[in-house]
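1. Predicted structure and sequence below. I'll ask about it afterward.
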Amino acid sequence: MAKESTFGNMVLSLTVICLVCSALLGVVYSVTKAPIEAAQVAKVNDAIAAVVPQFDNVPSEEMSVVDDCEVYPAKMGGEIVGYAIKVKSSGFGGALQMMVGFTNDGTIYNTSVISHSETPGLGAKITDENIQPRAQVKGKDIASTNFTVSKDGGDIDAITASTITSRAFLKGVSAACEIYKKVAQPVVEEVAVEEETINTEEDEQ
């Protein structure tokens, strides 16, 4: 004989179902958490390697946060050879996460787009490192370059029909430049002093 359905029985049944579902979600989360984190770390490390000169340290282990941006120092033989700076901008479709790499002389070594939500075939072209504006910012001196699109009076060309995405990318580059100035200024000044000393010694000879 079927048991009569009561409010208490329904509450008990729903409670059991919720507990089982919660347990299953917990198991799935615990199983997938580590692989997802490892994949994200690998993605960041690949981005770092793509935007700075060759290094022999592990930049992700020496990461620091400056103005909510992640800064990864690249070193060779214990000496700084560059910085990879992770920044976030806002594109046409949403957040645009990117890595901008710098050398010690204040030039942009390369850039990498980590994630985006831009329109396929238009703004999504920003993932191609050979397209403007990404190709144009490489090797640019941050002290003498206006990192805005040419139609806004800047020095960089935009992606055709994707000015908003291009502006977002360059806004990220500009933000990274400001962070670089803060973390690398002592290094830049030291290099300048060394060069001045060498030139003075050569003049005296």
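-> Yep, it's here. Numbers count the residues shown, from 1 in each chain.
2. what about Val183, neighbour count?
-> 17 (other Cβ atoms under 10 Å). To be clear about C-beta, it is placed using only N, CA and C from the backbone, and glycine gets the same treatment.
3. quick one, what contacts it?
-> Val183 is in contact with Ser64, Val66, Val71, Tyr83, counting by Cβ atoms under 8 Å, 6 or more residues apart in numbering.
4. Can you select the buried ones among those residues for me in ChimeraX?
-> Applied in ChimeraX, the following selects the buried portion of the contacts of Val183 according to 16 or more other Cβ atoms under 10 Å:
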select :71,83
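5. Just send the contacts of Val183 back as CSV, with distance to Gly123, pLDDT and secondary structure too.
-> Output for these, formatted as CSV (distance: Cβ to Cβ, whole Å; pLDDT from 0 to 100; DSSP: H, G, I helix; E, B strand; the rest coil):
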residue, distance to Gly123, pLDDT, secondary structure
Ser64, 31, 95, strand
Val66, 28, 95, strand
Val71, 27, 97, strand
Tyr83, 27, 97, strand
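6. How about residues contacting stretch 47-61?
-> The contact list for stretch 47-61 (Cβ under 8 Å, 6+ apart) reads 41, 44-45, 72-77, 81-84, 86, 99-103, 109-112, 114.
7. Would you check how far apart Thr127 and Leu12 are?
-> 52 Å (Cβ to Cβ, to the nearest Å).
8. if you count what's nearby, which of these two comes out ahead?
-> For Thr127 and Leu12, the more surrounded residue by other Cβ under 10 Å is Thr127, and the numbers stand at 14 against 11.
9. that older thread, how about CSV for the contacts of Val183, with distance to Ala176 added?
-> Shown next, in CSV, are those (distance: Cβ to Cβ, whole Å):
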residue, distance to Ala176
Ser64, 14
Val66, 10
Val71, 9
Tyr83, 9
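10. wait, which of the contacts of Val183 is closest to Ala175?
-> For the contacts of Val183, the closest approach to Ala175 (Cβ to Cβ) belongs to Val66, at 10.8 Å.
11. Surely that closest one and Ala184 touch.
-> No - Val66 lies out of contact with Ala184 (Cβ atoms under 8 Å); the separation is 10.8 Å.
12. Go ahead and measure how far the helix ranked longest in the chain is from the middle of the chain.
-> When the chain is parsed with DSSP state H, its longest helix is helix 7-51. Chain-centre distance of helix 7-51: 25 Å, with Cα atoms, centre = their mean, to the nearest Å.
13. Give me the next element, helix or strand, following the helix or strand where Met99 lies.
-> Assessed by DSSP states H and E, Met99 sits inside strand 95-103. Per DSSP H and E, the first helix or strand lying C-terminal to strand 95-103 is strand 108-115.
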